[in-house]
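S.K.: Fold the following and give me the result.
(one chain, ligands or ions: 1)
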Amino acid sequence: MPDTSALQSASCEDWPGIIRAYADLLPVTDQTPIVTLREGDTPLIGSEHIGPSLPGNIRLFFKFEGVNPTGSFKDRGMTMAVSKAKERGVGITMCASTGNTSAAAAAYSARAGMECIVLIPQGKIAFGKLSQALIHGARTVQVDGNFDDCLRIVREITDSYPIELVNSLNPMRMEGQKTAAFEVCDQLGHPPDIHILPVGNAGNITAYWWGYLQYREVGRIDRLPKMIGFQAAGAAPLVHGEPVRQPETIATAIRIGDPARWDDAMSAMTDSGGLVDMVTDEQILEAYQLLAAREGVFAEPASATSVAGLLKLAANGYFDDRPVTVVCTLTGHGLKDPDTAVNMLQKPDIIPARTEALVELLGL
Ligand code: F0G
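M.R.: So this is what the prediction gives:
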């Protein structure tokens, strides 16, 4: 007889998704209907170029969240948020998004048989992300405003109607996302010394911190990393200590002026002995290209913010000669936003369909 208990491992030997993998550390029971696309178990990729080229004694790893089912870390939070909503019999989910949350909400809601409504800032989300919301059948609405405007409307609607808010204000999103910290510890065999993340709405850095704290509490690690957050210079409210009314950056995923998890993220960074800082769009694009061209890892611009931040810290003498393990989370896949790559690089040459033309072009 097949075992139908929801918390039993799935019928094949594959990775079962983050809820089943970490069920003992998550608020689920065997009554929870698990809505999963087998998210998580993402690679921790050792740096071959960037780490060794930095001053100091840095062992650098990239936690590549771009290989999650919808191409970003949001899948970890969404499997929890949608599963718990389904458990309570909710039929509709809703979120504001700079693109990745809407992609994940749309996909997991589709899988759960729920309706999904997403609000996005008009003309300011990457094309791949828009295609995901649409193809997964979410009711997609563009707002003539920024992410902060979208989130305000979503909060008002979900306060008044029986619709589940699935932004990171939803505590279940945080529960799911903290599993990335568990995985990093499991993969390294210990916690990193420093963990660097891009910060937008400030949920993810908070979730990682809570994950590390919980892992220490249950005795699976015995120390905690410093949490370091980087924002884009044009959208850096945490650095300035006040909301930014007109946030602007090429890294549209983190084009946010008034983060919902502001206080939690600041506590994570301060309590851990870390810091918050910012990098310019030029520094972001430089790191974005370096990651792809020298490490073979194509992450979206917002993701490269963590690496741009590491480069800035290293250039400013943050690291001494003591050996340190540093993890940079690469939050989303580069294919989400092909326009940024194509627009910043030289267009491919065009030749007639003759071999000699190629020989001539390449100077062989
Ligand atoms: N990186 C990427 C690729 C993101 O999509 C986001 C957030 C972040 C970093 C920042 O994470 O908000 O938890 O501080 N994207 C949200 C969205 C806002 O709507 O997709 P955060």
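
S.K.: burial count for Pro33?
M.R.: When counting by other C-beta atoms under 10 Å, one arrives at 13 neighbours for Pro33. Where you see a C-beta, it was placed from the backbone N, CA and C, and this is true even at glycine.

S.K.: thought it was touching Glu87?
M.R.: Yes - counting by C-beta atoms under 8 Å, Glu87 is a contact partner of Pro33 at 6.0 Å.

S.K.: right, and Ala251 touches Ile284 too?
M.R.: Yes - using C-beta under 8 Å as the test, Ala251 is close enough to Ile284 to be in contact (5.5 Å).

S.K.: list the residues that contact both of these two?
M.R.: When C-beta atoms under 8 Å, 6 or more residues apart in numbering defines a contact, the residues bordering Ala251 and Ile284 alike are 232, 301-302, 304-305.

S.K.: got a winner among those for most neighbours?
M.R.: Thr305 (34 neighbours).

S.K.: got the contact list for the residue nearest to Thr36 when sequence neighbours are not counted?
M.R.: Nearest-residue entry for Thr36: Gly17, 3.5 Å, with adjacent residues in sequence omitted and distances by C-beta to C-beta, 6 or more residues apart in numbering. Residues in contact with Gly17, defined by C-beta under 8 Å, 6+ apart, are 10, 34, 36-40, 79.

S.K.: Which members of those are classed as buried?
M.R.: Neighbour-count burial within the contacts of Gly17 applies to 34, 36-40, 79; the criterion is 16 or more other C-beta atoms under 10 Å.

S.K.: List just the nearest of those to Ser131.
M.R.: Checking those against Ser131 with C-beta to C-beta, the nearest one is Leu37 at 17.0 Å.

S.K.: Doesn't the closest one belong to a helix?
M.R.: No - the assignment for Leu37 (DSSP: H, G, I helix; E, B strand; the rest coil) gives coil, which keeps it out of a helix.

S.K.: Chain neighbours aside, what residue packs nearest to it?
M.R.: Beyond its immediate neighbours in the sequence, the residue positioned closest to Leu37 (C-beta to C-beta, 6+ apart) is Pro69, lying 3.8 Å away.

S.K.: same check, this time on Lys63
M.R.: Taking C-beta to C-beta, 6+ apart, and ignoring the residues beside it in sequence, Lys63 has Thr329 as its nearest neighbour in space, at 4.6 Å.

S.K.: How about Ile125?
M.R.: Ranked by C-beta to C-beta, 6+ apart and with sequence neighbours excluded, the top spatial neighbour of Ile125 is Gly99, at 3.8 Å.

S.K.: Quick check: residues of the stretch 201-350 of the chain near the ligand?
M.R.: Taking C-beta under 6 Å from any ligand atom as the criterion, the stretch 201-350 of the chain approaches the ligand at residues 201-204, 253-254, 300, 302-303, 331-332.

S.K.: now the strands for the stretch 51-200 of the chain?
M.R.: 57-64, 92-96, 115-121, 139-143, 164-165, 194-198 (DSSP state E, counting those that start in this stretch).

S.K.: surely the residue nearest to Ile125 meets Leu130?
M.R.: Yes - the pair Gly99 and Leu130 passes the contact test of C-beta under 8 Å, sitting 7.0 Å apart.

S.K.: Which residue of those two possesses the greater neighbour count?
M.R.: Gly99 (30 against 19).

S.K.: Report the contact partners of that one.
M.R.: Going by C-beta under 8 Å, 6+ apart, the list of residues near Gly99 reads 120, 125-126, 129-130, 133, 252-253, 336.

S.K.: quick revisit: got a list of what the residue nearest to Leu37 touches?
M.R.: Under the criterion of C-beta under 8 Å, 6+ apart, the neighbours of Pro69 are 37-39, 75, 107.

S.K.: now, the most widely separated pair of the residues you listed?
M.R.: The span of the contacts of Pro69, defined through C-beta to C-beta, is set by Arg38 and Ala107 at 12.1 Å.

S.K.: quick revisit: list residues touching both of Gly99 and Leu130?
M.R.: Shared contacts of Gly99 and Leu130, defined by C-beta under 8 Å, 6+ apart, are found at Ile120.

S.K.: Count the neighbours of the nearest residue to Gly128 once chain neighbours are set aside for me.
M.R.: Of all residues beyond its chain neighbours, the one nearest Gly128 is Lys336 (4.1 Å), with distances taken as C-beta to C-beta, 6+ apart. Using other C-beta under 10 Å, Lys336 has 30 neighbouring residues.

S.K.: Hmm, Lys336 is touching Ala133, no?
M.R.: No - Lys336 lies out of contact with Ala133 (C-beta under 8 Å); the separation is 11.8 Å.

S.K.: what does the stretch 51-200 of the chain put close to the ligand?
M.R.: If contact is defined as C-beta under 6 Å from any ligand atom, the residues of the stretch 51-200 of the chain in contact with the ligand are 72, 74, 97-101, 168, 198-200.

S.K.: I'd like those as TSV, with pLDDT appended.
M.R.: Conversion of those to TSV gives the following (pLDDT from 0 to 100):
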residue	pLDDT
Ser72	98
Lys74	98
Ser97	98
Thr98	97
Gly99	98
Asn100	98
Thr101	98
Ser168	96
Pro198	98
Val199	98
Gly200	98
